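Novice: Please find the sequence and the predicted model below.
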Amino acid sequence: MADKLAALGGTPVVEAGSVRPWPHITDEDRKAVADVLAGEDLGVQRQAQEEGLAKDFAECLGVKHVVPVNSGTAALHCCVAGIGIEPGDEVICPAFTYWATAAAVLHHNGIPVFVDVEPDTWTLDPGRIEERITDRTRALLPVHIHGMPADMDPIKAIAKKHDLYVLEDCAQSHGATYKGGKCGALGDAAGFSSQASKLLTTGSYGGLFATNDDVIAERAKLLQYLGEIVVPGRERQMQKYNAYGLGWMYRGDVMGQAFIRSQLRRLDQNNALRAANCELLTELLADMPGVLTPIVPEGRGMAWYTYTVRFDPQAVGLELTAPDFRARAERALQAEGVPVGRWQTIPVPGQNIFQAKVGYGKGCPWTCRHASHEVSYDLADYPVAQEFVDSQMYVFGVNPPNGADLMREFAAAFEKLMAQPEELLKIEM
């Protein structure tokens with residue numbers, strides 16, 4: 001007889017305190033931050049850390065230009081501004097992402113247009129892009145979600161055919177590859193987040209803009225510092241206090257930049273450990289009825305920002321909807337000590353800002369004279385994204401220093417649950 005579920009009074013599989021947090025902080029990280037304070041002049045450190053981070057990450061990606069900023073959203077805004085988006089111009093985004101992808105377009109008075117995602121990868125579906133292209137479309141903005149690279153070859157082919165830019169949202173994909181090429185160096189420009197949960201992090205908030213294009217880079221640099229031309233650490237000596245265009249204050253933090261430079265030295269090592277954890281978890285869950293594990297297509301080097309599972313209640317004989325089964329499974333697994341939960345709860349075009357078209361002033365950019373036609377955000381147009389948010393659940397804790405033993409405990413908790421799925425009906429919701 002299966003052990004009693006912890007949610008119903010049984011003993012949890014995973015002991016409290018077993019899951020180690022991310023980021024994993026080492027003595028090298030601590031020294032990197034302490035060294036910033038060891039000198040007398042923080043202005044010198046601001047210049048050294050910003051320039052050092054730009055150089056280090058550019059070398060990591062193999063691109064000419066990197067601009068450190070204070071968030072992933074700011075990095076994406078630099079992408080949009082860098083390619084010269086005008087008010088009312090349209091940028092095509094996936095329906096499943098964090099809404100900052102589209103927010104970066106709105107920040108520049110552009111209009112996000114959504115396309116459904118591929119089944120299994122949840123990235124922008126190339127087969128649905130061309131039906132959304134209009135005479136106002138200026139760029140495609142694929143998102144390498146969960147560390148899964150989007151299918152870039154057909155996306156780039158469509159962009160070339162229609163004379164569009166390709167911007168990459170790499171917020172969750174530091175170190176991911178597509179057919180051997182690094183995500184972030186595949187399009188015209190890219191934005192990375194370095195928020196605390198990300199694969200490469202400042203430990204707080206931050207972002208990185210990247211491009212090989214000199215003109216796009218110069219525009220991004222202007223946007224980063226209020227439209228002015230500055231040299232970090234030499235503002236008083238060299239700043240002209242002359243804005244050459246509209247900009248924001250997007251500069252990063254010196255402590256976070258020191259921390260992320262230290263973390264960058266272990267990015268490949270940490271990503272390899274994540275991959276080992278996730279591949280083991282997939283192996284352990286593979287033959288479990290009712291549990292659907294991630295699929296990684298050939299040629300896509302996933303960075304495993306997170307691990308997703310979906311549930312099929314019919315496969316275990318339960319007449320429950322996918323959302324109901326997922327909610328009960330989530331509560332049961334949390335009681336077993338497995339760190340699981342949801343992320344997005346509706347496709348991005350279903351969020352209030354798009355349904356009500358709440359932008360600048362009275363609905364701008366959608367109702368401004370720049371807009372050439374009506375843009376619809378009908379949720380019926382995004383069935384794959386809707387199905388995913390209904391059924392998916394995230395398993396956290398796959399990060400270093402957690403390892404194989406903990407993954408086996410996670411799998412044992414799943415097995416305990418799926419061996420007696422009818423017990424889920426007893427859980428109070």
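Specialist: Perfect, thanks for sending it.
Novice: Is residue 133 in contact with residue 162, as I believe?
Specialist: Yes - using CB atoms under 8 Å, residue 133 is in contact with residue 162, at 5.6 Å. Glycine gets a C-beta too; all of them are placed from N, C-alpha and C.
Novice: And the helices in this protein?
Specialist: Taking DSSP state H to define them, one finds helices in the chain at 27-38, 42-61, 72-82, 100-107, 152-162, 214-224, 235-238, 254-264, 267-285, 322-335, 352-355, 383-391, 404-418.
Novice: So for residue 3, which of those helices sits nearest?
Specialist: helix 404-418 (5.9 Å; CB to CB).
Novice: isn't residue 162 right next to residue 132, touching?
Specialist: No - assessed by CB under 8 Å, residue 162 is found out of contact with residue 132, at 11.0 Å.
Novice: Highest mean neighbour count out of the helices of the chain?
Specialist: Mean neighbour count (mean count of other CB atoms under 10 Å) peaks for helix 72-82 among those, with a mean of 29.
Novice: residues in contact with residue 348?
Specialist: 93, 95-99, 101-102, 114, 354 (CB atoms under 8 Å, 6 or more residues apart in numbering).
Novice: quick check, nearest of the residues you listed to residue 343?
Specialist: The nearest member of the contacts of residue 348 to residue 343, counting by CB to CB, is residue 98 at 8.0 Å.
Novice: The closest one: what's it in contact with?
Specialist: 171, 344, 348.
Novice: which of those residues has the weakest pLDDT?
Specialist: Sorting these by pLDDT puts residue 344 at the bottom of the list (90).
Novice: now it: how far from residue 217?
Specialist: Separation of residue 344 from residue 217 (CB to CB, to the nearest Å): 31 Å.
Novice: for residue 2, same thing?
Specialist: 59 Å.
Novice: what's the answer for residue 357, then?
Specialist: 33 Å.
Novice: Also residue 198?
Specialist: 22 Å.
Novice: same check, this time on residue 252
Specialist: Taking CB to CB, one finds residue 252 at 16 Å from residue 217.
Novice: For burial, what's the neighbour tally of the nearest residue to residue 268 once chain neighbours are set aside?
Specialist: Nearest residue to residue 268 in three dimensions, chain neighbours excluded: residue 175, at 6.5 Å (CB to CB, 6 or more residues apart in numbering). By other CB atoms under 10 Å, 26 other residues sit near residue 175.
Novice: likewise residue 372?
Specialist: 13.
Novice: need the contact list for it.
Specialist: By CB under 8 Å, 6+ apart, residue 372 lies in contact with 88, 134-136.
Novice: for residue 45, same thing?
Specialist: Taking CB under 8 Å, 6+ apart, we find residue 45 in contact with 36, 39, 254, 258.
Novice: now swap in residue 103 and tell me
Specialist: Residue 103 neighbours (CB under 8 Å, 6+ apart): residue 73.
Novice: and it, how far is that from residue 64?
Specialist: 27 Å.
Novice: Same question for residue 409.
Specialist: Distance, residue 409 to residue 64, using CB to CB: 45 Å.
Novice: And residue 416, by the same measure?
Specialist: 52 Å.
Novice: go on, residue 100?
Specialist: 25 Å.
Novice: Go ahead and name everything in contact with stretch 336-345.
Specialist: By CB under 8 Å, 6+ apart, the list of residues contacting stretch 336-345 reads 5-7, 12-16, 18-19, 96-98, 306, 330, 333-334, 389, 392-397, 409-410, 413-414, 416-417.
Novice: typed the wrong thing, it's stretch 358-371
Specialist: Residues outside stretch 358-371 that contact it (CB under 8 Å, 6+ apart) are 86-88, 106, 109-111, 136, 352-353, 357, 374-375.
Novice: Also stretch 407-416?
Specialist: 2-3, 5, 12-14, 18, 277, 280-281, 284-285, 288, 291, 333, 336-338, 395, 397-398.
Novice: pLDDT wise, what is residue 358 at?
Specialist: If you check residue 358, the pLDDT there is 88.
Novice: ugh, wrong one, I meant residue 308
Specialist: Looking at residue 308, its pLDDT reads 96.
Novice: Over to residue 229?
Specialist: 69.
Novice: Alpha carbons only: can I get stretch 138-149 in PDB?
Specialist: Extracted C-alpha coordinates of stretch 138-149, given in PDB (Å, rounded to 0.1, in the frame of the first residue of the first chain):
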ATOM      1  CA  ARG A 138       9.200  46.100 -37.900                       C
ATOM      2  CA  ALA A 139      10.600  43.200 -35.900                       C
ATOM      3  CA  LEU A 140      10.200  39.700 -34.600                       C
ATOM      4  CA  LEU A 141      10.900  39.200 -30.900                       C
ATOM      5  CA  PRO A 142      11.300  35.400 -30.100                       C
ATOM      6  CA  VAL A 143      11.700  34.400 -26.500                       C
ATOM      7  CA  HIS A 144      14.000  31.600 -25.500                       C
ATOM      8  CA  ILE A 145      11.600  30.700 -22.700                       C
ATOM      9  CA  HIS A 146      12.700  28.400 -19.800                       C
ATOM     10  CA  GLY A 147      16.100  28.400 -21.400                       C
ATOM     11  CA  MET A 148      14.600  26.700 -24.500                       C
ATOM     12  CA  PRO A 149      15.900  28.300 -27.700                       C
END
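Novice: re earlier: turn the buried ones among the contacts of residue 372 into a named ChimeraX selection, would you?
Specialist: A single ChimeraX command selects the buried members of those (16 or more other CB atoms under 10 Å):
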select :88,136
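Novice: Give me the domain ranges for the chain.
Specialist: 6-16+267-344+386-426, 27-266 (automatic domain parsing).
Novice: For the first one, measure first residue to last.
Specialist: Between the opening and closing residues of domain 6-16+267-344+386-426 lies a distance of 12 Å (CA to CA, to the nearest Å).
Novice: for the longest one, same thing?
Specialist: The stretch domain 27-266 measures 13 Å between its terminal residues, going by CA to CA.
Novice: just how off-centre is that domain within its chain?
Specialist: 11 Å (CA atoms, centre = their mean, to the nearest Å).
Novice: Same question for the first one.
Specialist: The chain centre lies 19 Å from the centre of domain 6-16+267-344+386-426; the measure is CA atoms, centre = their mean.
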